[in-house]
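# no sequence on this one, just coordinates:
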């Protein structure tokens, strides 16, 4: 089983950034306003909390989530995302995040084949949870759809990049 020591510092940074990239890709695809964005952020962090509470979760996923419990791990993820997405507009953020997730899928296949399917599936589930967190296109909480066409397209792109099914 792969763990942090199986990866270089740069590779590990990519793995730490991946959960946030999976969330950001969907959020940027169809921005939901202040409340919707907050709900989507809570959905992303909720997926991390579920892993922490799940004794049967994949060990590599648990190791990635454990990084978010340290200020150093959060800083690595935050600073890496800032550098990767600096100055990008929403469409550019989505494509950059999807491309980065593709790199992560390749990295997992090369360095952690026994964990790859579980981690890729988990990352895809983060995108799905974020998309479902807030209705899109409504007014004051009325109407709209649970997952917009733009979000659904992004979920499919994320799944494709991660080599999973949407």
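Sure thing, it's come through. These numbers come from a predicted model, not from an experiment.
# Looks like residue 103 contacts residue 17 (just checking).
No. Between residue 103 and residue 17 there is no contact under CB atoms under 8 Å: 10.0 Å. Placement of C-beta: from N, CA and C, glycine included.
# So between the two, which is more surrounded?
Set side by side, residue 103 and residue 17 show more neighbours around residue 17, with 26 against 15, by other CB atoms under 10 Å.
# any idea of the pLDDT on residue 140?
On pLDDT, residue 140 comes in at 59.
# Also residue 135?
pLDDT, read off for residue 135, is 71.
# Over to residue 55. Which of the three states is it?
Following DSSP: H, G, I helix; E, B strand; the rest coil, the label given to residue 55 is coil.
# Would you indicate which residues of the helix or strand hosting residue 41 are buried?
Residue 41 is located in helix 33-53, with elements delineated by DSSP states H and E. For helix 33-53, burial by neighbour count (16 or more other CB atoms under 10 Å) applies to 36, 39-40, 43-44, 47-48, 51.
# Equivalent analysis for stretch 84-92, please.
84-85.
# how far does that stretch stretch from start to finish?
For stretch 84-92, the first-to-last residue distance is 11 Å (CA to CA, to the nearest Å).
# Can you pull up the most central residue in this protein?
Geometric centre of the chain, nearest residue: residue 22, 2.2 Å, by CA atoms, centre = their mean.
# Thought residue 129 was touching that one, still the case?
No. Using CB under 8 Å as the test, residue 22 is too far from residue 129 to be in contact (9.2 Å).
# rewinding a little: is it possible to get TSV of the buried residues of helix 33-53 that adds pLDDT and distance to residue 115?
Formatted as TSV, the buried residues of helix 33-53 follow (pLDDT from 0 to 100; distance: CB to CB, whole Å):
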residue	pLDDT	distance to residue 115
36	78	33
39	87	30
40	87	26
43	90	23
44	90	21
47	92	17
48	91	17
51	93	13
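# Which of the residues you listed sits closest to residue 76?
Of all these, residue 48 has the smallest distance to residue 76: 14.9 Å, by CB to CB.
# pretty sure that closest one is touching residue 18, no?
No. Residue 48 is beyond contact range of residue 18, at 11.6 Å (criterion: CB under 8 Å).
# The worst-scoring helix or strand of the chain on mean pLDDT packs against which elements?
Counting by mean pLDDT, DSSP states H and E, the chain has its least confident helix or strand at helix 33-53, which shows a mean of 87. When contacts are defined as 3 or more CB pairs under 8 Å, 6 or more residues apart in numbering; DSSP states H and E, helix 33-53 packs onto helix 9-29, helix 59-67, helix 113-132.
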